[in-house]
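sequence plus the predicted model coming up.
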Amino acid sequence: MKDEPFSTRLQHELDHLRSIFNEMGAYLFTKDLDGRYIYANQAVLDLFGCTLAELQGKDDRAFFDLDFSEDLRRNDRQVLEQQVAIAREEINYLKPTGEKRVYWSVKKPMYDRDGTLIGLCGISTDITEHKLIEARMAEQHQLLEIILANVDAHIYMKDSQHRFLYVNQKVCALLGLPAEQIINRSDNELFSPHGANQLWQLDNRVFETGELQAGEESLTDTEGKQHYYWSVKVPFKLADGTPTLIGISSDITELHQLKEQLQYQSVRDSLSGLYNRRFFFEVCEKNLSMNMRHQLTSVLIVLDVDQFKCINDRYGHPLGDQALIHLGRVMQSVLRSEDVLARIGGDEFAILLPNTTLSAAASLAERLRKQVMQSPLPLADGDELVITISAGLVENSKGEQMESLYARADQMLYQAKQSGRNCVACKAP
């Protein structure tokens with residue numbers, strides 16, 4: 001190598017340099033002050049479909065449609081006129097095919113040894129495919145945002161510290177805050193301590209098990225209203241390995257209320273709101289079973305309204321219904337919290353007095369009778385309707401079934417009616 005002529009070594013270095021330029025994976029070029037090409041690497045020559053000799057001396061009009069490639073001319077002028085370096089996107093249209101290409105171009109002024117400006121040099125990387133992918137991703141992201149914003153569910157992402165990483169518009173509306181005031185804040189900053197603690201139950205199971213969790217949750221909104229949700233929470237790891245969960249919570253408040261309403265209707269009388277016959281008998285049967293196990297006694301009272309048919313005939317059935325509702329309220333005001341009051345049907349009611357002796361029950365029944373008589377129903381004309389009741393009560397015997405107990409209580413009611421009504425009749429087993 002030492003004996004190799006300088007010109008040969010120089011040629012080798014130039015060839016090596018050209019090889020590097022040709023393998024850069026980018027478009028490398030130089031232009032003179034008039035925008036004519038002086039040099040270009042093989043990538044440029046392949047793009048234009050010409051040799052270096054055919055390229056030299058020509059400007060971009062031979063290769064690009066300059067009516068649409070304004071970025072190219074504007075950037076070249078800025079570099080040469082202001083003698084500044086630029087780095088930005090360029091959109092160019094190839095003249096032969098009209099194909100649109102997008103480049104990331106870096107262009108700098110080029111000087112001779114004396115510092116005189118002689119042109120520009122540039123390197124452009126084709127980012128057309130990257131921009132297409134970027135556009136598709138942006139389009140998909142926008143589509144996803146539209147879907148997430150309009151889907152009828154609260155969708156969110158949280159980390160293991162219960163901090164929100166994403167919320168859709170439904171979550172923002174629930175909290176009354178824009179997304180930027182929710183992101184990176186934890187549940188205990190946004191909800192009451194009770195609400196946050198309830199949310200953590202499902203959240204923690206997701207992080208502990210690494211498995212999907214689903215269940216019912218409830219929250220109180222900014223107006224103090226209780227809302228119920230069916231939540232599905234799925235584990236998800238971010239690109240950096242951070243464990244998170246994605247939650248989808250659907251508002252089932254109306255369904256929950258309907259469920260409660262149906263549950264209420266299944267055990268309540270539609271007119272009076274008291275327990276109905278079916279539920280009352282179920283409670284009594286369970287109570288009798290408990291009495292037998294623990295050697296306890298209970299008392300059953302069966303009662304009805306004296307001359308109720310006359311009330312209906314004189315005042316009409318709507319007022320008769322009001323009388324039954326009024327009677328239920330009066331009786332509830334006298335009974336203990338553990339006593340069970342039910343409307344059996346028509347004007348007939350029944351009361352279970354758990355763990356009570358017959359004598360104590362008789363005293364309570366008498367107070368009940370007096371309270372009903374002393375609490376007349378106000379009428380529209382300013383008058384009052386005095387209501388009286390007759391009641392029969394019995395204490396359960398050991399091992400007695402509900403059917404037998406009720407029949408005995410009904411017999412006592414009949415006896416009270418025979419005794420002149422507005423009275424209480426009782427009998428030990």
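Looks like it arrived, so ask away. Residues are numbered from 1 along each chain as shown.

how about low-confidence regions in the stretch 151-300 of the chain?
For the stretch 151-300 of the chain, residues meeting the criterion pLDDT under 70 lie at 221-222.

need the helices for it, in chain order.
Applying DSSP state H, counting those that start in this stretch to the stretch 151-300 of the chain gives helices spanning 169-175, 187-190, 193-209, 253-267, 277-294.

hmm, residue 388 is touching residue 422, no?
Yes - the pair residue 388 / residue 422 is scored as a contact, 4.0 Å apart, by C-beta atoms under 8 Å. To be clear about C-beta, it is placed using only N, CA and C from the backbone, and glycine gets the same treatment.

which one's more surrounded, those two?
Set residue 388 next to residue 422 and count neighbours by other C-beta atoms under 10 Å: residue 422 wins out with 19 against 14.

wait, doesn't that one sit right on residue 373?
Yes - using C-beta under 8 Å, residue 422 makes contact with residue 373 at a distance of 6.8 Å.

list the residues that contact both of these two?
Residues touching both residue 422 and residue 373 (C-beta atoms under 8 Å, 6 or more residues apart in numbering): residue 388.

what comes into contact with the host helix or strand of residue 142?
Here residue 142, judged by DSSP states H and E, is contained in helix 128-150. Here helix 128-150 makes contact (C-beta under 8 Å, 6+ apart) with 100, 101, 102, 103, 155, 168, 169, 170.

what residues of that helix count as buried?
Neighbour-count burial for helix 128-150 flags 131, 148 (criterion: 16 or more other C-beta atoms under 10 Å).

and the helices of the stretch 151-300 of the chain, which is most packed in?
Across the helices of the stretch 151-300 of the chain, averaging neighbours per residue (mean count of other C-beta atoms under 10 Å) puts helix 169-175 on top, at a mean of 18.

I'd like to know which elements it is packed against.
Judged by 3 or more C-beta pairs under 8 Å, 6 or more residues apart in numbering; DSSP states H and E, the packing partners of helix 169-175 are helix 128-150, strand 154-159.

the shortest one pairs with which strands, and in what direction?
Under the criterion DSSP bridges, strand 154-159 sits next to strand 164-167 (antiparallel), strand 243-251 (antiparallel) in its sheet.

check which residues of the last one are buried.
Right, strand 243-251. Across strand 243-251, burial judged by 16+ other C-beta under 10 Å covers 244, 245, 246, 247, 248, 249, 250, 251.

what angle separates it from helix 193-209?
If you take axes from the mean of the first three to the mean of the last three C-alpha atoms, to 10 degrees, strand 243-251 sits at 130 degrees to helix 193-209.

check the offset of strand 243-251 from the chain's centre.
Here strand 243-251 is found 7 Å from its chain centre; the criterion is C-alpha atoms, centre = their mean, to the nearest Å.

got the contact list for it?
By C-beta under 8 Å, 6+ apart, the list of residues contacting strand 243-251 from outside reads 152-160, 165, 203, 206-207, 217, 227-238.

output it as PDB, restricted to C-alpha atoms.
Output in PDB follows, covering the C-alpha atoms of strand 243-251 (Å, rounded to 0.1, in the frame of the first residue of the first chain):
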ATOM      1  CA  PRO A 243     -49.600  -4.400  34.800                       C
ATOM      2  CA  THR A 244     -52.900  -2.600  34.200                       C
ATOM      3  CA  LEU A 245     -56.500  -3.500  33.800                       C
ATOM      4  CA  ILE A 246     -59.100  -2.500  31.300                       C
ATOM      5  CA  GLY A 247     -62.600  -2.100  32.700                       C
ATOM      6  CA  ILE A 248     -66.000  -2.000  31.100                       C
ATOM      7  CA  SER A 249     -68.800  -1.000  33.400                       C
ATOM      8  CA  SER A 250     -72.400  -1.000  32.200                       C
ATOM      9  CA  ASP A 251     -75.000   0.900  34.100                       C
END
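
Serialize the helices of the stretch 151-300 of the chain to a markdown table and add fields for distance to residue 418.
As requested, those are arranged in a markdown table below (distance: least, C-beta to C-beta, whole Å):
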| stretch | distance to residue 418 |
| --- | --- |
| helix 169-175 | 64 |
| helix 187-190 | 68 |
| helix 193-209 | 58 |
| helix 253-267 | 33 |
| helix 277-294 | 25 |
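
before we move on, the earlier item: quick check: the two most widely separated of the buried residues of strand 243-251?
Spatially, the most separated pair among these is 244 and 251, at 22.9 Å (C-beta to C-beta).

quick one: buried ones out of the contacts of strand 243-251?
When neighbours are counted using 16+ other C-beta under 10 Å, the contacts of strand 243-251 contain these buried positions: 153-159, 165, 203, 206-207, 217, 227-231, 233.

what's the closest non-adjacent residue to residue 191?
Closest residue to residue 191 apart from its sequence neighbours, by C-beta to C-beta, 6 or more residues apart in numbering: residue 219 at 6.5 Å.

I should have written residue 303 there, sorry.
Counting by C-beta to C-beta, 6+ apart, the residue nearest residue 303 is residue 391, at 3.8 Å.

now do the contacts for that neighbour.
Residues in contact with residue 391 (C-beta under 8 Å, 6+ apart) are 301, 302, 303, 365, 368, 369, 412, 413, 416, 423, 424, 425.

okay if I get the contacts of helix 128-150 as a markdown table plus distance to residue 147?
Converted to a markdown table, these look like this (distance: C-beta to C-beta, whole Å):
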| residue | distance to residue 147 |
| --- | --- |
| 100 | 30 |
| 101 | 33 |
| 102 | 29 |
| 103 | 34 |
| 155 | 9 |
| 168 | 9 |
| 169 | 11 |
| 170 | 12 |
